[in-house]
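Asks: sequence first, predicted model second:
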Amino acid sequence: MQTWDRPDPLTRDLIHLINARRHDHWDVDAALDTLAELIEVGREDEILTVLAALDEDMAEWLFDLLAEAASTAGADGEGAGALLTLALPLGANFGQPLRLTVDPRATGALLRRTLQLPAGSEVVVEPKLLTDTTLERLSLQELHTHVGGVFGPGRSRPLAARLHVPVEHTVYLVFGVREAEGEAPMPQELGPEEQAALLEGLRGQCADLAAAPHLLEAPVYAAYALFDAKNTGGLQRLADETIAVWRELTPEVRGRVMVHLHTQCGNGVYMPVWTDLLDPAGGEEAGPLWTSPDVWVFTADLPIEWPGEVLTNRLMAEGCTRFENHIVEAPEN
């Protein structure tokens, strides 16, 4: 007789949360508590597995909750704090080792001024500007743990032990904002004057930042930056691997081989991307010469064609001109 184990309490809470959302009687505090507890015990992969199986509306809802749960922390009745990020353009010719640091006090005052935060706002700044490849190595659990202590007494531990060379020229300024009462009123967008003032103030501390204020966007939850960094790192490695295999082919085969870029459209939020190399001389029945592993990407705020564009640009830069983008429809969930 087949045995069947009941789901553990946290899994049941997640199931109840999703069912309650479907029937429009869910509670946001209970939802955040459930997701935060799953993150704290290192079970974020379970949330991502569920996220991939939901329809687009439900997946976007859970994605936003996941980011909030990983980026916010209660403060024992003294208001709530949130860990936020600003994505900053980085100069192309930076030296080694990376010296991407800012002064926490000066930057806190700069943020309070340019974001027009209330005078009583508490702003805590990470001294290091984190690269995409540094953030990619972090988990939601590490982010959640850090948020829990960022407003505590004394100096908080750094979010990352070391900086890794970025794969794209972008770094992240990570900072926390807390209000004595209520949520911090963060701007929905930054005007040209605020953008220029922020970047000018930060470039005065870190010369490697590029003078491109139009690239700055309004602050977002730190978890979004972490997801963006994982996208960047994963797609660039996928391009590297594909290009390396393509280069190993003989010139004759390389001249006719087709690179297929696959994006599986399950819910349009969290989905796999992969590549394969197909030799037309062998016919489709022969199958691909090589297929890559899947790279999972978050595209909640991006067009579904975006991963293919990233890979296409890399392939064209390497001299590969025969490729096709395939958006693969996933089976019904």
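Replies: Sure, I can see it. Since we're looking at a predicted model, the values are computed, not measured. Numbering: from 1, shown residues only.
Asks: use CA for all of it now, contacts and neighbours both
Replies: OK.
Asks: hey, C-alpha coordinates of the strand or helix carrying residue 47 in PDB?
Replies: Here residue 47 sits within helix 44-53, counting by DSSP states H and E. Provided in PDB are the C-alpha atoms of helix 44-53 (Å, rounded to 0.1, in the frame of the first residue of the first chain):
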ATOM      1  CA  GLU A  44      13.300  29.600  -0.300                       C
ATOM      2  CA  ASP A  45      13.700  27.000  -3.200                       C
ATOM      3  CA  GLU A  46      10.300  25.600  -2.200                       C
ATOM      4  CA  ILE A  47       8.700  29.000  -2.700                       C
ATOM      5  CA  LEU A  48      10.400  29.400  -6.100                       C
ATOM      6  CA  THR A  49       9.200  25.900  -7.200                       C
ATOM      7  CA  VAL A  50       5.700  27.000  -6.300                       C
ATOM      8  CA  LEU A  51       6.200  30.300  -8.000                       C
ATOM      9  CA  ALA A  52       7.100  28.600 -11.300                       C
ATOM     10  CA  ALA A  53       3.900  26.500 -11.300                       C
END
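Asks: buried residues in it?
Replies: Within helix 44-53, the residues that count as buried by 16 or more other Cα atoms under 10 Å are 44, 47, 48, 51, 52, 53.
Asks: quick check: closest non-adjacent residue to the first one.
Replies: So that's residue 44. Nearest non-adjacent residue to residue 44, counting by Cα to Cα, 6 or more residues apart in numbering: residue 38, 6.2 Å away.
Asks: cool, and the fourth one?
Replies: With Cα to Cα, 6+ apart as the criterion, residue 51 has its nearest non-adjacent residue at 5.4 Å, and that residue is residue 59.
Asks: below-threshold pLDDT in the stretch 101-250 of the chain: ranges please.
Replies: Within the stretch 101-250 of the chain, the segments meeting pLDDT under 70 span 155, 182, 184.
Asks: returning to what we had before: what about the helix holding residue 47, distance to the chain center?
Replies: The gap between where helix 44-53 is centred and where its chain is centred comes out at 15 Å by Cα atoms, centre = their mean, to the nearest Å.
Asks: would you mind pulling the contact partners of that helix?
Replies: Residues from elsewhere that reach helix 44-53 (Cα atoms under 8 Å, 6 or more residues apart in numbering): 35, 38, 59, 62-63, 140-141, 266-267, 269-271, 333.
Asks: can you classify the residue nearest to residue 51 by secondary structure?
Replies: helix (DSSP: H, G, I helix; E, B strand; the rest coil).
Asks: and the one 4 residues further on, by the same measure?
Replies: Secondary structure state of residue 63, per three-state DSSP, is helix.
Asks: repeat for residue 113
Replies: At residue 113, secondary structure determined by three-state DSSP is helix.
Asks: now it: how far from residue 107?
Replies: Using Cα to Cα, to the nearest Å, we find residue 113 at a distance of 10 Å from residue 107.
Asks: so for these two, which sits in the more crowded spot?
Replies: residue 107 (22 against 15; other Cα atoms under 10 Å).
Asks: got the contact list for that one?
Replies: Residues near residue 107 by Cα under 8 Å, 6+ apart: 125, 201, 202.
Asks: name the nearest of those relative to residue 245.
Replies: residue 202 (41.2 Å; Cα to Cα).
Asks: C-alpha coordinates for the host helix or strand of residue 197, CSV please?
Replies: Using DSSP H and E, residue 197 sits within helix 192-203. Taking Å, rounded to 0.1, in the frame of the first residue of the first chain, the C-alpha atoms of helix 192-203 are listed here in CSV:
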residue,chain,number,x,y,z
PRO,A,192,16.5,64.8,-13.3
GLU,A,193,17.7,67.0,-10.4
GLU,A,194,17.5,64.2,-7.8
GLN,A,195,19.3,61.8,-10.2
ALA,A,196,22.1,64.2,-10.8
ALA,A,197,22.5,65.2,-7.2
LEU,A,198,22.6,61.5,-6.0
LEU,A,199,25.2,60.5,-8.6
GLU,A,200,27.3,63.6,-8.1
GLY,A,201,27.4,63.0,-4.3
LEU,A,202,28.3,59.4,-4.7
ARG,A,203,30.9,60.0,-7.4
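Asks: alright, calling it a day.
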